[in-house]
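Visitor: build me a structure from this.
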Amino acid sequence: MNQKVKQMNQLSITRVSKNAKAAAQSLLAVKEENRNQALMRLAELLIQKIPDIISANNKDLAAAKSAGLSEAILDRLQLNEQRIEDLAESVKNISKQAQVVNEIVSEIKRDDGLIIQKQRIPIGVLAMIFESRPNVVVDCSALAIKSGNAIILKGGKEAQHSNLILAEIVIQATENLLPNFSVQLVTTRDDVSQLLQQVDTIDLVIPRGGESLINYVVANSKIPVLAHYKGLCHIYIDSSADREQAIEIVINAKAQRPGVCNAIETLLLDKQLEDDFILKLFARLEEEKVELRVSEDCPKTATTKDASDADWSTEYLDKILSVKMVENVQAACEHIKQFGSQHTEAILSTSQQTIEYFQLNVDASSVMINASTRFNDGGEYMLGAELGISTTKIHAYGPMGAKEMTITRRLVIGRGHIRL
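Guide: Here you go, the predicted structure:
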């Protein structure tokens, strides 16, 4: 274990958060060149240490398999060579983005010559609490570095070996370029409850994981919480939709990676769609080993199951799809209002009137028109990576890149001005 990381793990949460606060107070003055240099060094180290990362990750995967964890969790947990290379590439992309720290967003010059600027600055100290995904260590550290924030990372025990080696690599990349304790990893079981009480030193808590983790953090934190809540995403297929296009989009949205938050969990079918089309769609889904749970009035196959009331509010994160027949776009929107999680909603239609109604009547961080829900992702939105997909309407809604990890303040420039 890296000596610096070892020392961090011996500190109390109070000391960890105070160290982060001290780092945050210095980070605003760090040169952009230093931030970008740390990111480029991080990308290089990730590639150099691929064998070590995979070795650590294999320990986590073996333990997860022995514990009987689901295929969806195993998929989120895995770091192979391609995924590590993709992580390194996303870090490089973040380093190439325009400067966000100290950016002047707007400027007003009053008649008396007083200049009022709106300046972008870091939030301060972020506490990132997450499950399963070791890539979060790299993604969120890189975004914190770019946005000038100090970050405290608390991952799940299922990824402890992977999280540890990735944190060591991040900290090594920042040495002599950023203040000490700009990035810290905490590992003990009691750390979450203690972190949530550090109201004097931590500015924002961001939980990213299962529903129980999110609910626990929201209920117990004394610090403001920006939640990456569950992804109960829907696709509505209108009667005017391009049929072949619709099939490919649904397959992509459900079967490509069912264990991620931007995969769909419920498919809403307009009642004017032909049974032949619906059964063709079902056949393709069943080829992908997707279990279909359908409403009573829906066409059936030999393997479809009846949907229960609970299915409409379930985030499966697995190859299971609820399917419901709806009268029209209005009924689809009503269903989404009742069961959606404000994450991602999609419509497949060629009717501009129907599309406009849908986008004005669903509440989600991203609304997709004739496109897969899988595009709601920081990388796909050219953010380089994402801290998470915020479903909380505070200052950020949707994928959070470096810019969403900042706030603005007023910089007022006078020439001896006094208020009359």
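Visitor: the protein: helices as residue ranges?
Guide: 3-9, 13-27, 32-48, 50-66, 71-77, 81-96, 135-147, 160-174, 191-195, 211-220, 243-255, 275-287, 329-339, 352-361 (DSSP state H).
Visitor: pLDDT below threshold where in the stretch 51-200 of the chain?
Guide: Scanning the stretch 51-200 of the chain for pLDDT under 70 picks out 189.
Visitor: surely residue 256 touches residue 263?
Guide: Yes. Residue 256 lies in contact with residue 263 (CB atoms under 8 Å); the separation is 7.5 Å. C-beta coordinates here come from the backbone N, C-alpha and C atoms, glycine included.
Visitor: looking at the two, which one has more neighbours?
Guide: residue 263 (26 against 13; other CB atoms under 10 Å).
Visitor: nearest residue to residue 220 in space, please, no chain neighbours.
Guide: Once flanking residues are discounted, residue 220 sits nearest to residue 196: 5.2 Å by CB to CB, 6 or more residues apart in numbering.
Visitor: residues contacting that neighbour?
Guide: 127, 205, 217, 220-223 (CB atoms under 8 Å, 6 or more residues apart in numbering).
Visitor: and residue 397, by the same measure?
Guide: So residue 397 contacts 365, 390-391 (CB under 8 Å, 6+ apart).
Visitor: related to what we said a few turns ago, which one of the helices of the chain lies closest to residue 227?
Guide: Among the helices of the chain, helix 211-220 comes nearest to residue 227, with 5.4 Å by CB to CB.
Visitor: elements contacting the closest one?
Guide: Under the contact criterion of 3 or more CB pairs under 8 Å, 6 or more residues apart in numbering; DSSP states H and E, helix 211-220 touches helix 191-195, strand 204-208.
Visitor: centre of the chain versus the first one, how much separation?
Guide: Meaning helix 191-195. 21 Å (CA atoms, centre = their mean, to the nearest Å).
Visitor: so what's the predicted local confidence for residue 220?
Guide: Looking at residue 220, its pLDDT is 95.
Visitor: so it touches residue 195, yeah?
Guide: No. With contact defined as CB under 8 Å, residue 220 does not reach residue 195; the gap is 10.0 Å.
Visitor: between the two, who's got more neighbours?
Guide: residue 195 (23 against 13).
Visitor: wait, what's in contact with the more buried one?
Guide: Counting by CB under 8 Å, 6+ apart, residue 195 has contacts 13, 17, 127, 129, 152, 154, 186, 202, 205.
Visitor: same question, residue 107
Guide: 115-118.
Visitor: so what pairs up with it in the strands?
Guide: Judged by DSSP bridges, the bridge partners of residue 107 are residue 117.
Visitor: next one: it from residue 241, what distance?
Guide: Distance of residue 107 to residue 241, given as CB to CB, to the nearest Å: 46 Å.
Visitor: with residue 311 instead?
Guide: Residue 311 is 23 Å from residue 241, by CB to CB.
Visitor: comparing these two, which shows the higher neighbour count?
Guide: Legend: neighbour count by other CB under 10 Å for residue 311 and residue 241, higher for residue 241 (24 against 21).
Visitor: fine by me, thanks again.
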